[in-house]
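Student: Below: sequence and its predicted model.
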Amino acid sequence: MFVRMLWGALTRRGNRHAMIALTVALGACVATSMLSVMFDVGDKVNQELKSYGANIVVRPQGSAVLEDLYGTDSTMGQSSYLRENELGKIKTIFWTYNILDFTPLLPVTVTDDSDDHVTVTGTWFDHHLALETGESVTTGLDKLRGWWSLEGQWVGDDDPNGAVIGSRYASVRHVSIGDTIHVRRNGEPIALVVRGIFTSGDEADEQIYVPLAIAQNLLGQPGVVSSVEVSALTTPDNDLARKAAKNPNSLSVTERETWYCTAYVSSIAYQIEEVMTDSVARPVRQVAESEGTILEKTQLLMVLVTVLALVASALAIANLVTANVMERSSEIGLMKAVGARGRSIIALFLTEIVVVGLVGGLVGYAAGLGVAQLIGLMVFRSSIAFAPVVAALVAVLVALVVLGASIPAIRYLLRLNAAEVLHGR
């Protein structure tokens, strides 16, 4: 009898139930798409931010100490350097796959054709590096400075006299692509051919960038670098990460294992120090903190959108269900008159609404997965990973919304007097 009455209720009021199912589907669609993106947005946001520079800088221990003590530019009159032949070790740490790009820098002050002092920075542009593990990696400035606007082309690392120059330097000295610049250090001139002109928007626009070997020759110290900029995918800092950043030795054994095996920027920097001789790896705090802040605000926005969508769905469902109960007042009164108890009538209506909500939830979940992929392709130019936890969350949220929205209708149903309804009052 229960099943027959349920089937009759579902088939007789198809339009009303279709509206309820559609409302549930819209709420489930928004919740699914927002939650799917939220669970995958961390790596997406980090990937986007990594195109705007490094978040870890590695320097020689001596230079880092001087800069911390006196606030001086550690590259001026630098006496200690990192070893170029150790740079490949950066890709051998525990978080090797989180290291996206890295490049060495070796700034040298020289005199140019105008007898002005200018900084020539040696670096890797598109460097192919063989690792001790037998793997290889291609990295360099062209990837780490992806936001630079370049006219012309990057210099090859094996180019004996190529250079790229900043737009401000080129404008002041009227230098164009293909021109030759003569620079001197300690009286030894070197001719540099301009391969490209870049615009960075910062002080680099006044500098010259050359292959690392040229800067080492100007300095007279082969095989050295002043610093290394590293771009790594990281996890936003929490209390544990901030505690470890102050003093890793203050951590307990359990805390240290958790911190070491989590991709915090301080953990990755610490592991880089372990593999490079006399080095200090420091997070670029402004970049690292910005990543965490942007990620938290993005996730909060998605949670708010989800909550608002579900609240709107709950209000709409409450109105539709209550209207449905009011339209069926005579039917409910007759059921009470023939002896049906309140709990039986409530069970019938709740089962009816749950079935309708289940259909709407499944349709909304499927549509939400499609919307999530559309958001991923339009905003991040990549697909959104499927997260099984989203299905469970959406199921719980839809159930809470449907049942919660049914409460006003149930209260109305319980207050309904069979005699009054049957007499048309």
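Tutor: Thanks, I have the structure now. Source: prediction; values computed, not measured.
Student: Check which helix or strand Ala316 maps to.
Tutor: Taking DSSP states H and E as the definition, Ala316 sits inside helix 285-327.
Student: tell me how far the ends of stretch 373-389 are from each other?
Tutor: One end of stretch 373-389 sits 17 Å from the other (C-alpha to C-alpha, to the nearest Å).
Student: Apologies, that question was intended for stretch 132-147.
Tutor: Note: stretch 132-147 ends 31 Å apart using C-alpha to C-alpha.
Student: Which positions in stretch 28-43 come out as buried?
Tutor: 28-42 (16 or more other C-beta atoms under 10 Å). All C-beta atoms are positioned from the backbone trio N, CA, C, and that covers glycine.
Student: now the chain, which segments are flagged as low pLDDT?
Tutor: Applying pLDDT under 70 to the chain picks out residues 1-14, 42-53, 63-79, 285-293, 327-343, 413-425.
Student: Just the strands from it, written as ranges.
Tutor: 56-60, 82-83, 99-111, 117-123, 127-130, 136-139, 149-152, 162-166, 180-185, 188-199, 208-211, 224-225, 227-232, 279-283 (DSSP state E).
Student: Which one of the buried residues of stretch 28-43 is nearest to Val402?
Tutor: Nearest to Val402 among the buried residues of stretch 28-43, counting by C-beta to C-beta, is Ala28 at 10.2 Å.
Student: Next, work out how far apart that closest one and Leu35 are.
Tutor: 10 Å (C-beta to C-beta, to the nearest Å).
Student: where exactly do the helices run in the chain?
Tutor: When secondary structure is read from DSSP state H, the chain shows helices at 2-12, 14-50, 61-70, 141-144, 167-173, 212-219, 239-246, 253-260, 265-275, 285-327, 329-337, 342-375, 388-415, 418-422.
Student: Tell me which of those helices lies nearest to Ser80.
Tutor: helix 61-70 (3.8 Å).
Student: Gly140: neighbour count?
Tutor: 21 (other C-beta atoms under 10 Å).
Student: Next, it: phi, psi?
Tutor: Main-chain dihedrals, Gly140, degrees, to the nearest 10: phi 150, psi -170.
Student: Give the phi and psi angles for the nearest residue in space to it that is not next to it in sequence, as a check.
Tutor: Nearest residue to Gly140, sequence neighbours excluded (C-beta to C-beta, 6 or more residues apart in numbering): Trp124, at 4.1 Å. Backbone geometry at Trp124, expressed as degrees, to the nearest 10, gives phi -90, psi 140.
Student: In this structure Trp124 contacts Thr103, no?
Tutor: Yes: contact criterion C-beta atoms under 8 Å: Trp124 and Thr103 qualify, at 4.9 Å.
Student: Next, show the common contact partners of the two.
Tutor: 139-141 (C-beta atoms under 8 Å, 6 or more residues apart in numbering).
Student: between those residues, which is nearest Pro408?
Tutor: Closest to Pro408, out of all of the shared contacts of Trp124 and Thr103 and judged by C-beta to C-beta, is Thr139, at 61.6 Å.
Student: what's around the closest one, how many residues?
Tutor: 24.
Student: same deal with Asn247?
Tutor: 8.
Student: One more: Ala232?
Tutor: Neighbours of Ala232 (other C-beta under 10 Å): 26.
Student: for the helices of the chain, which one sits closest to Val183?
Tutor: Between the helices of the chain, helix 212-219 lies closest to Val183; by C-beta to C-beta that is 7.4 Å.
Student: That closest one packs against which elements?
Tutor: On a contact count with 3 or more C-beta pairs under 8 Å, 6 or more residues apart in numbering; DSSP states H and E, helix 212-219 meets strand 99-111, strand 117-123, strand 180-185, strand 188-199.
Student: Out of those, which is closest to Phe380?
Tutor: Between Phe380 and the helices and strands packed on helix 212-219, the tightest spacing by C-beta to C-beta is seen for strand 99-111, at 15.4 Å.
Student: For the closest one, name the packing helices and strands.
Tutor: When contacts are defined as 3+ C-beta pairs under 8 Å, 6+ apart, strand 99-111 packs onto strand 117-123, strand 136-139, helix 141-144, strand 180-185, helix 212-219, strand 224-225, strand 227-232.
Student: just how off-centre is it within its chain?
Tutor: Relative to its chain's centre, strand 99-111 lies at 27 Å (C-alpha atoms, centre = their mean, to the nearest Å).
Student: ok, and for it, which residues are buried?
Tutor: Here strand 99-111 shows 99-108, 110-111 as buried, counting by 16+ other C-beta under 10 Å.
Student: and which of these is nearest to Val379?
Tutor: Leu100 (19.6 Å).
Student: if we can go back for a sec, now render the helices of the chain as CSV, adding distance to Leu233.
Tutor: Compiled in CSV, these are given as follows (distance: least, C-beta to C-beta, whole Å):
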stretch, distance to Leu233
helix 2-12, 50
helix 14-50, 5
helix 61-70, 24
helix 141-144, 14
helix 167-173, 31
helix 212-219, 25
helix 239-246, 15
helix 253-260, 16
helix 265-275, 9
helix 285-327, 10
helix 329-337, 59
helix 342-375, 21
helix 388-415, 21
helix 418-422, 65
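Student: Assess the claim that Cys29 and Val371 are in contact.
Tutor: Yes: counting by C-beta under 8 Å, Cys29 touches Val371, with 6.2 Å between them.
Student: Could you check how far the residue nearest to Gly140 is from Gly146?
Tutor: Counting by C-beta to C-beta - Trp124 and Gly146 are separated by 15 Å.
Student: what about those two, which has more around it?
Tutor: Trp124 (26 against 13).
Student: Show the contacting residues for that one.
Tutor: Here Trp124 is in contact with 103-104, 139-141, 157, 211-212 (C-beta under 8 Å, 6+ apart).
Student: how about those residues, which pair is most distant?
Tutor: Thr139 and Pro211 (14.2 Å).
Student: Turn the strands of the chain into JSON lines, including distance to Gly404.
Tutor: Rendered in JSON lines, the data for the strands of the chain read as follows (distance: least, C-beta to C-beta, whole Å):
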{"stretch": "strand 56-60", "distance to Gly404": "48"}
{"stretch": "strand 82-83", "distance to Gly404": "61"}
{"stretch": "strand 99-111", "distance to Gly404": "45"}
{"stretch": "strand 117-123", "distance to Gly404": "60"}
{"stretch": "strand 127-130", "distance to Gly404": "58"}
{"stretch": "strand 136-139", "distance to Gly404": "53"}
{"stretch": "strand 149-152", "distance to Gly404": "54"}
{"stretch": "strand 162-166", "distance to Gly404": "61"}
{"stretch": "strand 180-185", "distance to Gly404": "72"}
{"stretch": "strand 188-199", "distance to Gly404": "56"}
{"stretch": "strand 208-211", "distance to Gly404": "62"}
{"stretch": "strand 224-225", "distance to Gly404": "62"}
{"stretch": "strand 227-232", "distance to Gly404": "44"}
{"stretch": "strand 279-283", "distance to Gly404": "45"}
